[in-house]
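[1] pasting a predicted model and its sequence here:
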Number of protein chains: 2
Amino acid sequence: MRPDDLPEVRRLPLFQKMEAANFDELVGKSYMQTFPAGLEMIRQGDPADFLHVMLEGAVELYAKWGGRECTMAVVRPVSTFILAACIKDAPYLMSARTLERSRIILIPSAGLREIFRRDTEFAVSVVTELAASFRSIVRNTKGLKLRNSRERVASYLLRQSRLLDDAPSYRLPVEKRLLASYLGMTPENLSRTIKTLEDHGVKVDGMRVIITDRKKLVDLAQPDTLIDGPDPDALGTGSSLPPVQRWA
Amino acid sequence: MRPDDLPEVRRLPLFQKMEAANFDELVGKSYMQTFPAGLEMIRQGDPADFLHVMLEGAVELYAKWGGRECTMAVVRPVSTFILAACIKDAPYLMSARTLERSRIILIPSAGLREIFRRDTEFAVSVVTELAASFRSIVRNTKGLKLRNSRERVASYLLRQSRLLDDAPSYRLPVEKRLLASYLGMTPENLSRTIKTLEDHGVKVDGMRVIITDRKKLVDLAQPDTLIDGPDPDALGTGSSLPPVQRWA
DNA sequence: TCCCGACATTGATCCAGGTCAAGTTTTCCG
DNA sequence: CGGAAAACTTGACCTGGATCAATGTCGGGA
């Protein structure tokens, strides 16, 4: 484990306020691992023995059923994932694969549960993170059930801009293929939908998104605080794609 | 508050293991309220000042956006709801309306957060419940994104039977209108879908469900532990309809 | 018990979005 | 670089499910 990794981990909301001794104890039981790109590192149904902390790279959380699969979230550093399964000591509900070569810290879930019981600040952080994750996926479900695919795309694109203080242009944080699956549609349909949005205030060229007429886009997307935020919940890994980056 | 209510509340997973003194303190700050049927008792966006404990009746949790709305869950006694919003001290993401005249205990969320910090067993119960809720809604989202509406209906009907030790017949716990919305489809489509399922092992007559050929139904529904359970998660109010009752 | 309003079913029709099949562009590696 | 694989786009077509409209059925209150 590199020496400059730990401070970053320590700064995560989940670990920030816990006792130093307890943090050290957790870290002592953990180990770091590097995975190549494209590896299924977690298979849904397996026991959740480790909380994962992303240090570097990108991981897709996805679900499988029958032959089908769908993207549930994409995790980027620095953040943790699959907290709920660890707390419940239950099998993973989702699979995970690396999108890039990734460095990840594995923290034994037994240790988490133990320290939860004796470190109040840590307990508060855990419960806050879990509540945030829950609320994040509730928002997501609301979007899926209440909006059609065009509205979902429009509000996704608008939401990302808002995260950057209404930046007029930014870069998509993931491939369109993943975005489509995350939004519950096919890549073909996403492609076509994006084209029809050009008349409604947003243009997408490759990975680049340009808001050409914010008012028009807002009219169409009808953003709603209780679905799209501004969203203190989204900090954790409930169910979201990574935040965008401003266009360089 | 009726004297025989409290033991039932105390027996809930959330309160069972906490210190008696702390339980009493919470109860002391709470009060009971009776709502008539059909009342919007929680409006999404309002601050979450109270954890709700259903004693009697039935409540629908639903989400609104634009003119549309959809059912997220139905809560029956004895259980709690909107824990996550209380923990985060954040606005409700869903609205709630009574389906029947309902008796409900309101526990101030500030008190919850306070006792969480000093009662370890309670903290464990809270975090367990939240993790379960999270997992429950993840399952739900997987069902929505991976299955078409026919598969969702088939697995719903099969799942309810399983909850009753594979009972061959049971009564739907909610109106079909609500079931349809919960499953993400229109009542019309649910009606038609049910009809087509008669050739596939299940018959629905009014509120009564009869499994006529379990094997056929299983073939079609392809139940999956990681979506349909058996599901220790579903205890809480993540995102589910109430358990069915065996047909009398 | 009757009647009203809500729920449920059924039929006809429409359309959003999926599927299949080529192309085209981008990305990644040797 | 160069070439193959993957991602993306575009077009044609089809279908699952929504919508609209009409009728049937049930449950609860006067």
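    That came through, no problem.
[2] pretty sure residue A:51 contacts residue A:107?
    Yes. Residue A:51 is in contact with residue A:107 according to Cβ atoms under 8 Å; the separation is 4.4 Å. Glycine gets a C-beta too; all of them are placed from N, C-alpha and C.
[3] isn't there a helix covering residue A:177?
    Yes. Using DSSP: H, G, I helix; E, B strand; the rest coil, the assignment for residue A:177 is a helix.
[4] per-residue confidence at it?
    pLDDT for residue A:177: 98.
[5] now the host helix or strand of residue A:26: mean pLDDT?
    Residue A:26 is part of helix A:20-29, with elements assigned from DSSP states H and E. The average pLDDT within helix A:20-29 is 97.
[6] and that helix, what does it pack onto?
    helix A:5-10, strand A:102-108, helix A:109-118 (3 or more Cβ pairs under 8 Å, 6 or more residues apart in numbering or on different chains; DSSP states H and E).
[7] tell me which of the ones you listed sits most buried.
    Mean neighbours per residue, mean count of other Cβ atoms under 10 Å in any protein chain shown, is largest over the helices and strands packed on helix A:20-29 for strand A:102-108, with a mean of 20.
[8] tell me what angle it forms with helix A:109-118.
    60 degrees (axes from the mean of the first three to the mean of the last three Cα atoms, to 10 degrees).
[9] in what helix or strand does the closest residue to residue A:77 other than its chain neighbours lie?
    Once flanking residues are discounted, residue A:77 sits nearest to residue A:54: 4.6 Å by Cβ to Cβ, 6 or more residues apart in numbering or on different chains. In this structure, residue A:54 sits in strand A:50-56 according to DSSP H and E.
[10] so which elements touch the following helix or strand past that strand?
    Counting by DSSP H and E, the next helix or strand C-terminal to strand A:50-56 is strand A:59-65. Helices and strands touching strand A:59-65, by 3+ Cβ pairs under 8 Å, 6+ apart, are strand A:68-75, strand A:95-98, helix B:120-146.
[11] in contact with residue A:193, which residues?
    Shown in contact with residue A:193 (Cβ atoms under 8 Å, 6 or more residues apart in numbering or on different chains): A:149-150, A:153, A:185.
[12] which of the residues you listed tops the neighbour count?
    Within the contacts of residue A:193, neighbour counts (other Cβ atoms under 10 Å in any protein chain shown) peak at residue A:153, which reaches 25 neighbours.
[13] could you dump the helices and strands packed on strand A:59-65 to TSV with mean neighbour count and mean pLDDT?
    Shown next, in TSV, are these (neighbours: other Cβ atoms under 10 Å in any protein chain shown; pLDDT from 0 to 100):
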stretch	mean neighbour count	mean pLDDT
strand A:68-75	20	97
strand A:95-98	20	97
helix B:120-146	23	97
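[14] gap between residue A:130 and residue A:28?
    24 Å (Cβ to Cβ, to the nearest Å).
[15] tell me how many other residues surround residue A:162.
    Using other Cβ under 10 Å, residue A:162 is surrounded by 16 other residues.
[16] where does it sit, in terms of helix or strand?
    helix A:149-163.
[17] name the surrounding residues that touch that helix.
    Against helix A:149-163 from outside (Cβ under 8 Å, 6+ apart): A:143-144, A:147, A:167-168, A:170, A:172-173, A:179, A:183-185, A:189-190, A:193-194, A:196-197, A:200, A:202, A:204, A:209, A:211, A:214, A:217-218, A:220-223, A:227-230, A:243-244.
[18] those, buried ones only, as a PyMOL selection?
    Burial among the contacts of helix A:149-163 is assessed by 16 or more other Cβ atoms under 10 Å in any protein chain shown; the matching PyMOL selection reads:
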select buried, chain A and resi 143+144+147+167+170+172+173+179+183+184+185+190+193+194+197+200+202+204+209+211+217+218+220+221+223+227+228+229+244
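[19] just the contacts of helix A:149-163: which are in strands?
    A:170, A:202, A:204, A:209, A:211 (DSSP state E).
[20] can you list the residues of chain A near DNA strand D?
    Counting by Cβ under 7 Å from any atom of the strand, chain A comes close to DNA strand D at A:175-177, A:187-188, A:190-192, A:194-195, A:204, A:206.
[21] and the residue nearest to residue A:77, how far is that from residue A:5?
    From residue A:54 across to residue A:5, the span is 11 Å (Cβ to Cβ).
[22] number of nearby residues for residue A:19?
    14.
[23] now it: phi and psi?
    Here is the backbone geometry of residue A:19 (degrees, to the nearest 10): phi -60, psi 140.
[24] these two touch, right, residue A:94 and residue A:63?
    Yes. If you go by Cβ under 8 Å, residue A:94 and residue A:63 touch, sitting 5.2 Å apart.
[25] now for these two: what residues contact both?
    Counting by Cβ under 8 Å, 6+ apart, the residues touching both residue A:94 and residue A:63 are A:44, A:72.
[26] now the buried members of the residues of chain A next to DNA strand D.
    Using 16+ other Cβ under 10 Å as the burial test, those include A:190, A:194, A:204 as buried.
[27] picking up where we left off before, between the helices and strands packed on strand A:59-65, which one is nearest to residue A:116?
    Evaluated with Cβ to Cβ, those place helix B:120-146 nearest to residue A:116, the distance being 6.9 Å.
[28] next, the angle from that closest one to helix B:20-29.
    70 degrees.
[29] what's the angle between helix B:120-146 and helix B:149-163?
    If you take the same axes, to 10 degrees, helix B:120-146 sits at 140 degrees to helix B:149-163.
[30] leaving out chain neighbours, which residue sits closest to the closest residue to DNA strand D within chain A?
    Residue of chain A nearest DNA strand D, by Cβ to the nearest atom of the strand: residue A:177 (3.0 Å). Distances taken as Cβ to Cβ, 6+ apart place residue A:187 nearest to residue A:177, at 5.1 Å, with adjacent residues excluded.
[31] what does residue A:183 give?
    residue A:152 (4.9 Å).
[32] ok, stretch A:209-217 near DNA strand C or not?
    No. Stretch A:209-217 lies out of reach of DNA strand C by Cβ under 7 Å from any atom of the strand, never closer than 14.4 Å.
[33] what's that stretch in contact with?
    Here stretch A:209-217 has contacts from A:154, A:157-158, A:160-161, A:166-172, A:197-198, A:200-204, A:244, using Cβ under 8 Å, 6+ apart.
[34] now do stretch A:110-117
    Counting by Cβ under 8 Å, 6+ apart, residues outside stretch A:110-117 touching it are A:18, A:22, A:25-26, A:29-30, A:49, A:51, A:86-87, A:89, A:122-123, A:126, B:120, B:123-124, B:127.
[35] could the C-alpha coordinates of that stretch be exported in CSV?
    The C-alpha coordinates for stretch A:110-117 follow below in CSV (Å, rounded to 0.1, in the frame of the first residue of the first chain):
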residue,chain,number,x,y,z
ALA,A,110,-16.2,-8.6,10.1
GLY,A,111,-13.9,-5.9,11.2
LEU,A,112,-16.3,-3.2,10.1
ARG,A,113,-19.1,-4.7,12.1
GLU,A,114,-17.0,-5.1,15.1
ILE,A,115,-15.8,-1.5,15.1
PHE,A,116,-19.2,-0.2,14.3
ARG,A,117,-20.2,-1.4,17.8
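[36] what's the average pLDDT for it?
    pLDDT averaged over stretch A:110-117 gives 98.
[37] circling back to that earlier point, now do the contacts for the residue nearest to residue A:77.
    Counting by Cβ under 8 Å, 6+ apart, residue A:54 touches A:75-81, A:102-104.
[38] nearest to DNA strand C, of those residues?
    residue A:102 (14.0 Å).
[39] so what's the closest one bridging to?
    Counting by DSSP bridges, residue A:102 forms beta bridges with residue A:35.
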